[in-house]
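*Asks:* Fold the following.
(one chain, ligands or ions: 1)
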Amino acid sequence: MTDVPEGTAPVALACEGLRYAFGETKAVDDLELTVRAGEVFGLLGPNGAGKTTAIRCITTLLPVPAGMVRVFGHDAAKERMAVRRLLGYVPQQLSADAGLTGRENVELFARVFDVTRRERADRVARVLEAVDLTAAADRLAKTYSGGMIRRLELAQALVSAPRLLMLDEPTIGLDPIARTSVWEHINAVRAATGMTVLVTTHYMDEADQYCDRVALMHRGRIHALGTPQELRSELAERRRGEGEADHEPTLEDVFRDVAGSGLDEQGGDFRDVRSTRRTASRVG
Ligand SMILES: Nc1ncnc2c1ncn2[C@@H]1O[C@H](COP(=O)(O)OP(=O)(O)OP(=O)(O)O)[C@@H](O)[C@H]1O
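*Replies:* From the prediction side, this is the model:
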């Protein structure tokens, strides 16, 4: 968790009135979001809420058809290369090549991101060290466990020294020990570099434990925003007002309160399920 005082840190990411539609489907619908420099920010929401689409707009992989996205003041629609240089992105889908060693995978990203030849070997070695893969660096990635692959992908994203790291479900399909390990490495790098982290996850316990603030997204919009503690306290207070103070609400209760009882039926389609299963099976 960061100690950045509220309101004093510069803005790392601002989305104003961001919209993105796939035909009739409004995937992102008037999204308003501000992430402060140095914080770990969790974007939560049910399947199909629009999280990945928003991330793709922010990373410039999708255009910004309406509204505004700024990364450290740079406009994602007009200054795409400047924005890309500030970002590290670990997508849901596999981004490591099974037929290359861990080191070769990271070197490839270093070349793509124009890390100079002089700096490259040192930078690659440092990020491999930061994710605890030095001993395994010269083994083929196909011999790695699911948790090691995720850490390798983290190293790939870190090699360009991003100021904003975007992680789309970084711990999906991992066992609890591997999940904790991925988070510990994210936090250690964050503490050492001061980078900002935007993460999506379906694991409410992780969001509660590791995110400074979270936004609950539903049907393309933000419906609740605050520290996990604030969101839990607000729901507890409301429940007490309604005479339902049976237990202290968890972040999952807040999530259900926002997304409603139809959580499992609404949002998400074949594409969502396929992508989740594919990701889970390759890391499981
Ligand atoms: N390429 C696409 N073509 C058509 N519809 C899409 C496409 N990508 C996303 N959608 C739709 O846009 C909506 C938002 O999807 P998105 O993947 O952004 O949600 P998400 O919150 O990331 O979900 P998940 O948690 O399952 O990853 C969904 O209704 C989805 O079906």
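*Asks:* ranges for the helices of the stretch 101-250 of the chain?
*Replies:* 102-112, 117-130, 146-158, 176-193, 204-210, 228-241 (DSSP state H, counting those that start in this stretch).
*Asks:* For the ones you listed, state which one has the densest average packing.
*Replies:* helix 146-158 (a mean of 25; mean count of other CB atoms under 10 Å). Placement of C-beta: from N, CA and C, glycine included.
*Asks:* ok, which stretches of the protein are strands?
*Replies:* Assigned strands in the chain, in chain order: 11-22, 25-36, 40-44, 66-71, 74-75, 87-90, 164-168, 196-200, 213-218, 221-226 (criterion: DSSP state E).
*Asks:* per-residue confidence for the nearest residue to Thr34 once chain neighbours are set aside?
*Replies:* In space, Thr34 comes closest to Ala14 once its chain neighbours are excluded; the distance is 5.2 Å by CB to CB, 6 or more residues apart in numbering. Ala14 carries a pLDDT value of 96.
*Asks:* now do Pro249
*Replies:* Pro249 is assigned 89 on the pLDDT scale.
*Asks:* Next: Leu94.
*Replies:* pLDDT, Leu94: 84.
*Asks:* just Val4 next, same as before
*Replies:* pLDDT for Val4: 48.
*Asks:* got it, and Thr193?
*Replies:* Thr193 carries a pLDDT value of 89.
*Asks:* ok, now which ones touch Leu231?
*Replies:* Listed by CB atoms under 8 Å, 6 or more residues apart in numbering, the contact partners of Leu231 are Val214, Leu216, Ala224, Leu251, Val254.
*Asks:* gap between stretch 123-135 and the chain center?
*Replies:* Taking CA atoms, centre = their mean, to the nearest Å, one finds stretch 123-135 lying 21 Å from the centre of the chain it belongs to.
*Asks:* Please tell me how far Met68 sits from Asp168.
*Replies:* 22 Å (CB to CB, to the nearest Å).
*Asks:* Look at these two and report which has more neighbours.
*Replies:* Set Met68 next to Asp168 and count neighbours by other CB atoms under 10 Å: Asp168 wins out with 21 against 14.
*Asks:* picking that back up, and the helices of the stretch 101-250 of the chain: which comes nearest the ligand?
*Replies:* Among the helices of the stretch 101-250 of the chain, helix 204-210 comes nearest to the ligand, with 13.1 Å by CB to the nearest ligand atom.
*Asks:* Just the residues contacting that closest one, thanks.
*Replies:* Residues from elsewhere that reach helix 204-210, judged by CB under 8 Å, 6+ apart: 1, 40, 42, 44, 171, 179, 183, 186-187, 199, 201, 214, 228, 250-252, 255.
*Asks:* Only alpha carbons, please: show it as PDB.
*Replies:* This file holds the C-alpha atoms of helix 204-210, laid out as PDB (Å, rounded to 0.1, in the frame of the first residue of the first chain):
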ATOM      1  CA  MET A 204     -12.000  -9.600  -4.100                       C
ATOM      2  CA  ASP A 205      -9.600 -10.800  -1.300                       C
ATOM      3  CA  GLU A 206      -6.600  -9.700  -3.500                       C
ATOM      4  CA  ALA A 207      -8.200  -6.300  -4.300                       C
ATOM      5  CA  ASP A 208      -8.900  -5.800  -0.600                       C
ATOM      6  CA  GLN A 209      -5.400  -6.700   0.500                       C
ATOM      7  CA  TYR A 210      -3.300  -5.100  -2.200                       C
END
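*Asks:* average pLDDT across that helix?
*Replies:* Averaged over helix 204-210, pLDDT sits at 93.
*Asks:* Is any residue of it near the ligand?
*Replies:* No. Helix 204-210 lies out of reach of the ligand by CB under 6 Å from any ligand atom, never closer than 13.1 Å.
*Asks:* so how far is that helix from its chain's centroid?
*Replies:* Chain-centre distance of helix 204-210: 13 Å, with CA atoms, centre = their mean.
*Asks:* residues from the stretch 51-200 of the chain in reach of the ligand?
*Replies:* Contact residues, the stretch 51-200 of the chain versus the ligand (CB under 6 Å from any ligand atom): Lys51, Thr52, Thr53.
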